[in-house]
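S.K.: following is a predicted model, sequence given first.
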Amino acid sequence: MSQATLEIRAISGHSGSVPGAGVRREFDVCKLIDTTTCIGCKACEVACLEWNGLSFSETVFNNSYQTMPETQWNYWNLIKFNEHEREDGTLQLLMRKDQCMHCEEPGCLIACPADGAIVQYVNGIVDFQQDHCIGCGYCVTGCPFNIPKFSPTARKVFKCTLCVDRVTQGLEPACIKACPTGCLHFGTKPDMKALAETRAKQLREYSGFENAGVYDPPGVKGTHVIYVLHDASNPELYGGLPKDPHVPWAVSFWKKPLKWIGNIAMIGGLLGVFAHYLRFGPKIEPADEETPRQGGAAPRTGTRDPGGRP
Amino acid sequence: MEISRRSQDTRCRLVGLDKIGLLTRLRSTCPYCSVSCGVIIYTLGDKAKNVTPQVIHVEGDPDHPINRGTLCPKGASLEQDILNERRLLKPQVRRPGATDWQDISWDDALNEIARWVKKSRDDTFVEKDQQGRTVNRCEGVAFTGGCTDTNEFNYLVVKTMRSLGVCYLENQARV
């Protein structure tokens, strides 16, 4: 889904400069999902399928209203339904729209070894470029939210694009437009952050949700999809939303220190070879080793053709 | 009701999307529930002579006062309502006691409906109630309208049904 009109802020597996970074004034786009007003109607799921022209997949019944256990390579947007029993014994049905969070520091992009397969645009959208994707699946390991999914048919990885094709042209994402209760909002990151804080304050002061708050995890330097939660101290209740998501340490260790250690070791090895050459000179082979090698070659020809053709 | 050519062109230049930018846009009403959300149906091509139009996308109408662009999941899937190999394109009838649907021509269907309406009305028409007051009502027929019916259509429906004496009458003009 290459968008030539959008400047790029970060490129996966890329050495050298990035064309769009620091070139123009930037503003970040953001989705705000108010889980307190979601009714679980799944209009966003359908709108996503319709706009992106995704094929229809089998639903999986798992004793709830949820369409399937988790998002799929051709199902990028899923409402997660969770029944939560409160301390006073009453039940609470928590619904959360699960999709790519478009992290400011995307684990998928850091883990990706293919040049240009994952890009981050200057407005914060993280997008996969399937024509550059090599299908290694490292982004799946790198994502703290378990979002990128490998397609066995296309041998590529797919995920939510935050409708980059619409946003580029000044439209809102398809899911945002469809939401009939207005629990989904779209705008710039500061605007959405302010709206979310206002809503959380309202919930704390007037609706009795003392722990209501905004989910914008600092572990990945903020996300471009933020939530208002009834209980921000316990995001795991909402279908496994990690409390403190960050890029897995194996990925960050591999991509940052290990890369440098490897480079130093490689250069050191070359320098060592050169120093050895200077000190001891080239290796001189003794000249009388020809005959046994010819003798060894004859039986090998025999085994390759056991029938013994004339 | 088609968006005027001028506003269509302006919108397209502003939007310029590869999927819905330069298509023919048609305003319509979602046929499902009585909320009657406005939708825009996007059709392939710009109505040029050599193009065979084809619906390729349906989305909420942001200018519609009722839904302002939003849709429910059923409404959001309207494209599949239009492009569906299981869509019913001709009248069918299931006879009393039968398990299968049979094809029937439009003429036969209309004639048969008229015949049954006439029969039901004649059988169940009540001229006077138990106390002898004139009521002239038909208790065996009910009519419900759909949400895409226009005011004018509903006016005609009410006139027609009242003339038959139908009391169980419901349509979108009441909402």
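M.R.: Thanks, I have the structure now.

S.K.: so where's chain A shaky on pLDDT?
M.R.: A:1-5, A:289-310 (pLDDT under 70).

S.K.: from residue A:77, how far out is the residue nearest the centre of it?
M.R.: Nearest to the mean C-alpha position of chain A, counting by C-alpha atoms, centre = their mean, stands residue A:108 at 3.8 Å. Relative to residue A:77, residue A:108 is positioned 17 Å away (C-beta to C-beta, to the nearest Å). Glycine gets a C-beta too; all of them are placed from N, C-alpha and C.

S.K.: quick check, central residue of chain B?
M.R.: residue B:148 (4.4 Å).

S.K.: helix or strand for that residue, just tell me which one.
M.R.: Using DSSP states H and E, residue B:148 sits within no helix or strand.

S.K.: so it touches residue B:33, yeah?
M.R.: No: shown here, residue B:148 and residue B:33 do not form a contact pair, counting by C-beta atoms under 8 Å, at 11.1 Å.

S.K.: which residues touch the nearest residue to residue A:215 once chain neighbours are set aside?
M.R.: Closest residue to residue A:215 apart from its sequence neighbours, by C-beta to C-beta, 6 or more residues apart in numbering or on different chains: residue A:227 at 4.0 Å. Counting by C-beta atoms under 8 Å, 6 or more residues apart in numbering or on different chains, residue A:227 touches A:32, A:33, A:34, A:35, A:96, A:196, A:214, A:215, A:235, A:238, A:241.

S.K.: list the buried residues for stretch A:242-250?
M.R.: A:245, A:246, A:247, A:248 (16 or more other C-beta atoms under 10 Å in any protein chain shown).

S.K.: tell me the one of those nearest chain B?
M.R.: Distance to chain B, by C-beta to the nearest C-beta, is smallest for residue A:245 among the buried residues of stretch A:242-250, at 29.1 Å.

S.K.: could you export the buried residues of stretch A:242-250 to TSV, including columns for distance to residue B:86?
M.R.: Converted to TSV, these look like this (distance: C-beta to C-beta, whole Å):
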residue	distance to residue B:86
A:245	43
A:246	48
A:247	47
A:248	46
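
S.K.: dump the residues you listed to a markdown table, plus distance to residue B:138 and secondary structure.
M.R.: Formatted as a markdown table, these follow (distance: C-beta to C-beta, whole Å; DSSP: H, G, I helix; E, B strand; the rest coil):
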| residue | distance to residue B:138 | secondary structure |
| --- | --- | --- |
| A:245 | 67 | coil |
| A:246 | 72 | coil |
| A:247 | 73 | coil |
| A:248 | 73 | coil |
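
S.K.: which strand or helix spans residue A:198?
M.R.: helix A:189-206.

S.K.: give me the contact list for that helix.
M.R.: By C-beta under 8 Å, 6+ apart, helix A:189-206 touches A:27-32, A:34, A:36, A:124, A:185-187, A:209-214, A:216, A:222, A:224, A:226-228, A:230, A:232.

S.K.: same thing but 6 Å
M.R.: With contact meaning C-beta atoms under 6 Å, 6 or more residues apart in numbering or on different chains, helix A:189-206 is reached by A:28, A:30, A:32, A:34, A:209, A:212, A:213, A:214, A:226, A:228.

S.K.: for chain B, tell me which of those show up nearby.
M.R.: With the criterion set as C-beta under 6 Å from any C-beta of the partner chain, no member of the contacts of helix A:189-206 is near chain B.
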